Structure formats: C-alpha cells, structure tokens
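Peer 1: pasting the sequence and the predicted coordinates here, then a few questions.
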Amino acid sequence: MLYGIFSDVHANLEAFRAVLRFYEKNKVEHFICCGDLVGYGPQPRECVELVMALKDCRSVLGNHDAAVTGRIEMKWFNANALAAIEFARKNLSGAALAFLSALPEKLETPDFTVVHGSPKKPLTEYLLGEIQFVDSLKFWTVSPCFMGHTHMPAYFKHDAAGLPETDFLGPMLRVVSDGGRLMLNPGSVGQPRDGDPRSSCAVYDTENKVFEIFRVPYDIEKTTRLMSEFKMPVILGERLLLGF
Ligand code: ZN
C-alpha cells in the first residue's frame with residue numbers, strides 16, 4: 001500500500017493542491033498528516049476542508065492547530081505566528097474548527113505511529129538530533145513513527161545493533177527500513193525551511209518498506225499575493241520565496 005505522508009501544510013492551499021495532484025498522478029490514495037494544517041498561510045479553512053474531504057487520511061494535531069482551537073498557550077509563538085493564528089481563528093468554519101479540536105496528539109496503529117513534534121512532547125519538541133531521538137524511543141512502540149514540526153525532511157534510525165543514525169534528507173531521498181526503529185519526517189508542504197522553496201512531501205510503500213521524499217513546485221507568488229492582500233506579516237511571505 002502507498003501512503004502519502006505530509007506535514008505542516010500551514011494554510012498554503014496552492015502548495016497543498018500541488019502535492020495532492022502529485023499524489024493523484026502517482027496513484028497514492030491513503031494519507032497520513034503529521035499536523036499543522038493551519039497557521040502562517042492565507043487559506044486555513046480551505047486546507048482543513050481538503051483534508052476532511054480525503055477518503056482515507058489519518059491526522060494528528062500540530063501546535064498551530066492546537067493554538068487555534070485553544071488547546072495550548074500562546075506563549076509558545078512569536079508575534080508573526082500569533083497574527084496568523086488569529087487570522088485562522090476568524091477564517092475557519094465551525095466544522096473545520098470541530099475537526100481540528102477532535103485530532104489526537106499521538107496516533108498509534110498496528111502499522112505505524114504519528115506525532116507532530118516528538119513522541120515525548122508531541123506539541124512542543126523539535127526533534128533535531130540523535131540524543132533526542134534515543135531519548136524518545138521509550139515513548140512509542142510501533143515503527144515507523146512519522147513526524148513533522150521542524151519543516152525539514154529527515155530520518156532517525158536505530159538499527160538492530162542499537163546504534164542511532166540520522167540524516168537530513170538533502171541529497172539522500174530514500175530510506176529503506178531494515179527492521180530497526182525509524183522516525184521519518186516528510187518536511188513541510190506549505191513552509192519548507194531547508195533552503196528549497198518547493199513543497200516537500202513523502203510516499204511510504206508499506207510492502208517494500210521504502211520512504212521517499214519528493215519536492216513539488218507550486219505557484220509561490222500566488223500564495224504571497226494572497227498574504228499581502230489579507231495584510232498578513234510581510235516576513236511570512238518572504239520566507240516562502242527563500243524556503244526558510
Ligand atoms: Zn509547522
């Protein structure tokens with residue numbers, strides 16, 4: 001089975017549509033969303049409604065989703081992020097808000113685990129290094145564990161000998177599971193931060209246990225035009241053009 005793994009859409013409808021077109025072209029019909037559908041971007045309602053309309057999509061709550069629905073404190077966000085959270089709150093329909101409110105912080109199935117930040121602190125921890133990865137192992141059981149939050153595609157691996165290994169998926173786009181424990185980050189659909197402004201998403205092939213990152217171009221200017229039309233903070237548009 002092919003799963004489309006995506007994260008951090010952040011209300012960027014243009015980017016999200018491009019990624020869904022890519023999945024459709026590649027016959028991907030099952031999806032896993034690692035959180036943060038809203039925040040930063042200009043079309044939160046449309047993005048949440050697109051996910052609600054997907055036939056098979058397992059989603060978890062992100063920190064921006066949690067802020068919009070009042071589940072975490074605002075002290076975790078800077079002024080620009082807060083402005084976008086306020087914008088989303090006003091923009092979302094009742095059904096979209098109810099959908100976000102019902103999302104779990106951690107999803108554990110017989111086949112995989114899903115969190116936004118880390119299994120230890122799903123809404124706040126940025127999992128960036130091997131020490132954190134090893135520390136997180138006792139907080140989840142079923143591998144692979146899909147996550148997002150850092151907006152950078154990456155993998156963390158604990159092999160049979162118990163040695164940790166990690167890499168941010170620049171030139172290496174493909175990870176094959178060999179029985180060890182894996183944490184996999186598909187990068188961000190709507191606000192990549194690894195210097196490549198194209199959308200980032202992944203496909204996980206359950207049969208061959210292969211996780212692959214793909215970069216999908218989209219009309220970035222269309223998104224930034226809407227952001228200035230809605231008078232959102234200028235820097236939020238500028239960073240999309242830089243991929244940072
Ligand atoms: Zn995010």
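Peer 2: Right, received. Where do you want to start? Numbering: from 1, shown residues only.

Peer 1: please make it C-alpha for all contacts and neighbour counts, starting now.
Peer 2: Fine.

Peer 1: ok, what's across the strand from residue 57?
Peer 2: With DSSP bridges as the criterion, residue 57 is bridged to residue 31.

Peer 1: so which bits of this protein are right by the ion?
Peer 2: Counting by CA under 5 Å from the ion, the chain comes close to the ion at 8, 149.

Peer 1: all helices of this protein, in order?
Peer 2: Assigned by DSSP state H, the helices in the chain fall at 13-25, 44-53, 63-68, 79-91, 94-101, 130-136, 220-229, 234-242.

Peer 1: mean neighbour count, these: which tops it?
Peer 2: The highest mean neighbour count among the helices of the chain, using mean count of other CA atoms under 10 Å, belongs to helix 63-68: a mean of 25.

Peer 1: quick one: contacts of stretch 152-161?
Peer 2: For stretch 152-161, contacts defined as CA atoms under 8 Å, 6 or more residues apart in numbering pick out 130, 133, 163-170, 175, 178-188, 192-194, 200, 213.

Peer 1: swap the cut-off to 6 Å and go again
Peer 2: Here stretch 152-161 makes contact (CA atoms under 6 Å, 6 or more residues apart in numbering) with 164-169, 180-187, 194.

Peer 1: repeat that for stretch 101-110.
Peer 2: By CA under 6 Å, 6+ apart, stretch 101-110 touches 60-61, 69, 113-115.

Peer 1: about what we covered before: farthest pair within the contacts of stretch 152-161?
Peer 2: Farthest apart among those by CA to CA are 180 and 194. That separation is 26.4 Å.

Peer 1: more neighbours: these two, which one.
Peer 2: The neighbour count for residue 180 versus residue 194, taken as other CA atoms under 10 Å, is higher for residue 194 (20 against 15).

Peer 1: any low-confidence regions in this structure?
Peer 2: Along the chain, the model assigns pLDDT under 70 to residues 169-172.

Peer 1: gap between the residue of the chain most remote from its centre and residue 178?
Peer 2: Centroid-distance maximum for the chain: residue 161 at 29.9 Å, with CA atoms, centre = their mean. Going from residue 161 to residue 178 by CA to CA, to the nearest Å gives 12 Å.

Peer 1: what's the local residue count around residue 107?
Peer 2: Neighbours around residue 107, by other CA under 10 Å: 20.

Peer 1: tally of neighbours for residue 69?
Peer 2: Using other CA under 10 Å, the number of residues around residue 69 comes to 18.

Peer 1: brain fart, residue 178
Peer 2: Neighbour tally, residue 178, other CA under 10 Å: 13.

Peer 1: what's the distance between it and residue 144?
Peer 2: 11 Å.

Peer 1: separation between the residue nearest in space to the middle of the chain and residue 75?
Peer 2: Closest to where the C-alpha atoms of the chain average out (CA atoms, centre = their mean) is residue 7, at 1.5 Å. Computed as CA to CA, the residue 7 to residue 75 distance reads 23 Å.
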